[in-house]
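K.L.:
Fold the following for me, if possible:
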Amino acid sequence: DSVEASPSVVFENIERCSPTCLQMLLENISGLTADADFTVELIPEINVAVATFIKNIDAKEFVEKCSQHKRVREFQMTAWLLESTQSIKAENLPESISTDYLTVYFESARNGGGPVSDVQLFPEDNSAIITFCDLKGNS
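P.N.:
As a prediction, this is how the structure comes out:
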(Lines give C-alpha, C1' and ligand atoms only; values in the text may rest on other atoms or scores of the structure.)
Protein backbone atom coordinates (compact mmCIF):
# COMPACT_ATOMS: atom_id res chain seq x y z
CA ASP A 1 0.00 0.00 0.00
CA SER A 2 1.38 3.36 -1.02
CA VAL A 3 1.88 6.14 1.47
CA GLU A 4 -0.18 9.18 0.48
CA ALA A 5 1.86 11.90 2.17
CA SER A 6 3.43 15.21 1.32
CA PRO A 7 7.05 14.97 0.27
CA SER A 8 7.82 18.09 2.35
CA VAL A 9 8.48 18.39 6.07
CA VAL A 10 8.47 21.67 7.99
CA PHE A 11 11.02 22.28 10.77
CA GLU A 12 10.24 25.04 13.26
CA ASN A 13 12.59 26.74 15.77
CA ILE A 14 15.69 26.29 13.61
CA GLU A 15 17.67 29.28 14.97
CA ARG A 16 19.95 27.11 17.14
CA CYS A 17 20.92 24.88 14.18
CA SER A 18 22.95 26.31 11.26
CA PRO A 19 21.81 25.45 7.69
CA THR A 20 24.76 23.06 7.25
CA CYS A 21 24.08 21.46 10.63
CA LEU A 22 20.39 21.02 9.73
CA GLN A 23 21.29 19.33 6.43
CA MET A 24 23.67 16.92 8.18
CA LEU A 25 21.09 16.21 10.88
CA LEU A 26 18.45 15.36 8.27
CA GLU A 27 20.95 13.14 6.45
CA ASN A 28 21.67 11.32 9.73
CA ILE A 29 17.98 10.79 10.53
CA SER A 30 16.82 9.87 7.01
CA GLY A 31 19.88 8.00 5.74
CA LEU A 32 19.54 10.10 2.57
CA THR A 33 21.84 12.63 0.91
CA ALA A 34 21.15 16.39 0.76
CA ASP A 35 20.74 17.77 -2.77
CA ALA A 36 20.54 14.26 -4.33
CA ASP A 37 17.64 12.94 -2.21
CA PHE A 38 16.19 16.07 -0.58
CA THR A 39 16.51 19.85 -0.55
CA VAL A 40 16.24 22.26 2.37
CA GLU A 41 14.76 25.73 1.98
CA LEU A 42 15.26 28.17 4.84
CA ILE A 43 12.61 30.76 5.68
CA PRO A 44 14.50 32.83 8.29
CA GLU A 45 11.73 35.45 8.61
CA ILE A 46 9.57 32.89 10.40
CA ASN A 47 12.37 30.69 11.82
CA VAL A 48 11.40 27.71 9.67
CA ALA A 49 13.01 25.33 7.17
CA VAL A 50 11.25 23.06 4.67
CA ALA A 51 12.85 19.77 3.63
CA THR A 52 11.47 18.52 0.31
CA PHE A 53 12.17 14.91 -0.51
CA ILE A 54 13.07 14.02 -4.09
CA LYS A 55 13.43 10.36 -3.14
CA ASN A 56 10.19 8.63 -2.14
CA ILE A 57 10.08 8.17 1.64
CA ASP A 58 7.47 7.55 4.30
CA ALA A 59 7.27 11.17 5.43
CA LYS A 60 5.05 10.38 8.45
CA GLU A 61 7.64 7.89 9.71
CA PHE A 62 10.42 10.45 9.09
CA VAL A 63 8.55 13.11 11.13
CA GLU A 64 8.12 10.55 13.93
CA LYS A 65 11.87 9.75 13.86
CA CYS A 66 12.66 13.48 14.00
CA SER A 67 10.42 14.12 16.99
CA GLN A 68 12.19 11.32 18.90
CA HIS A 69 15.74 12.24 17.81
CA LYS A 70 18.05 13.44 20.60
CA ARG A 71 19.59 16.34 18.64
CA VAL A 72 16.25 17.59 17.31
CA ARG A 73 15.00 17.70 20.90
CA GLU A 74 18.19 19.45 22.09
CA PHE A 75 17.68 22.14 19.43
CA GLN A 76 14.01 22.33 20.53
CA MET A 77 12.89 21.96 16.90
CA THR A 78 9.52 20.61 15.88
CA ALA A 79 8.72 18.82 12.62
CA TRP A 80 5.45 18.20 10.80
CA LEU A 81 4.23 17.32 7.31
CA LEU A 82 3.62 20.22 4.98
CA GLU A 83 0.08 19.84 3.73
CA SER A 84 -0.31 20.00 -0.01
CA THR A 85 -2.26 22.94 -1.36
CA GLN A 86 -3.62 23.97 -4.72
CA SER A 87 -2.95 27.69 -4.23
CA ILE A 88 0.04 29.71 -3.10
CA LYS A 89 0.62 33.42 -2.55
CA ALA A 90 3.67 35.03 -4.15
CA GLU A 91 4.72 38.30 -2.49
CA ASN A 92 7.15 41.16 -3.16
CA LEU A 93 6.69 40.82 -6.91
CA PRO A 94 8.09 43.44 -9.30
CA GLU A 95 5.47 45.97 -10.40
CA SER A 96 5.88 45.01 -14.06
CA ILE A 97 5.19 41.26 -13.52
CA SER A 98 2.60 39.68 -15.81
CA THR A 99 0.24 36.77 -15.28
CA ASP A 100 1.87 35.05 -18.27
CA TYR A 101 5.33 35.27 -16.69
CA LEU A 102 4.04 33.92 -13.37
CA THR A 103 2.20 31.08 -15.12
CA VAL A 104 5.33 30.01 -17.02
CA TYR A 105 7.53 30.41 -13.92
CA PHE A 106 5.29 28.31 -11.67
CA GLU A 107 4.78 25.66 -14.35
CA SER A 108 8.55 25.12 -14.54
CA ALA A 109 9.54 21.72 -13.14
CA ARG A 110 12.96 23.21 -12.33
CA ASN A 111 11.24 25.60 -9.93
CA GLY A 112 9.21 22.76 -8.39
CA GLY A 113 6.06 23.84 -10.18
CA GLY A 114 3.28 22.14 -12.05
CA PRO A 115 0.32 22.92 -14.31
CA VAL A 116 -1.23 26.29 -13.37
CA SER A 117 -4.98 26.79 -13.72
CA ASP A 118 -5.23 30.44 -12.61
CA VAL A 119 -3.15 33.49 -11.63
CA GLN A 120 -4.71 36.46 -9.83
CA LEU A 121 -2.53 39.57 -9.63
CA PHE A 122 -2.89 42.05 -6.76
CA PRO A 123 -0.81 45.05 -7.95
CA GLU A 124 -1.76 47.14 -4.88
CA ASP A 125 0.37 44.90 -2.64
CA ASN A 126 2.70 43.42 -5.31
CA SER A 127 1.39 39.90 -4.80
CA ALA A 128 -0.44 37.17 -6.67
CA ILE A 129 -2.37 34.00 -5.91
CA ILE A 130 -1.29 31.10 -8.13
CA THR A 131 -3.70 28.15 -8.35
CA PHE A 132 -2.45 24.83 -9.65
CA CYS A 133 -4.48 22.24 -11.52
CA ASP A 134 -5.89 19.39 -9.46
CA LEU A 135 -3.56 16.56 -10.48
CA LYS A 136 -5.59 13.83 -8.76
CA GLY A 137 -8.35 13.94 -11.37
CA ASN A 138 -6.24 14.67 -14.48
CA SER A 139 -3.91 11.91 -15.56
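K.L.:
residue contacts, the closest residue to Glu12 other than its chain neighbours?
P.N.:
Spatial nearest neighbour of Glu12, chain neighbours left out: Thr78 (4.7 Å); criterion: Cβ to Cβ, 6 or more residues apart in numbering. Every residue, glycine included, has its C-beta placed from N, CA and C. Going by Cβ atoms under 8 Å, 6 or more residues apart in numbering, Thr78 touches 11-13, 67.
K.L.:
before we move on, what about Asp134?
P.N.:
By Cβ under 8 Å, 6+ apart, the neighbours of Asp134 are 86, 117.
K.L.:
I'd like to know how far Ile46 sits from Val104.
P.N.:
28 Å (Cβ to Cβ, to the nearest Å).
K.L.:
can you give me the strands for this structure?
P.N.:
Under the criterion DSSP state E, strands of the chain are mapped to 8-12, 38-43, 48-53, 78-81, 87-90, 116-122, 127-132.
K.L.:
What are the buried residues along the last one?
P.N.:
If I follow you right, that is strand 127-132. The neighbour-count check on strand 127-132 (16 or more other Cβ atoms under 10 Å) flags 128, 130, 132 as buried.
K.L.:
for these, which one is nearest Gln86?
P.N.:
Set against Gln86, the nearest of the buried residues of strand 127-132 by Cβ to Cβ is Phe132 (5.3 Å).
K.L.:
Pretty sure Gly114 is one of the things that closest one touches, is it not?
P.N.:
Yes - with contact defined as Cβ atoms under 8 Å, Phe132 and Gly114 form a contacting pair (5.3 Å).
K.L.:
What are the structural domain limits within this structure?
P.N.:
Using the TED database, the domain parsing of the chain gives 8-81, 87-132.
K.L.:
and the buried residues of strand 127-132 as JSON lines, adding distance to Arg71 and pLDDT?
P.N.:
Converted to JSON lines, those look like this (distance: Cβ to Cβ, whole Å; pLDDT from 0 to 100):
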{"residue": "Ala128", "distance to Arg71": "39", "pLDDT": "95"}
{"residue": "Ile130", "distance to Arg71": "36", "pLDDT": "94"}
{"residue": "Phe132", "distance to Arg71": "35", "pLDDT": "90"}
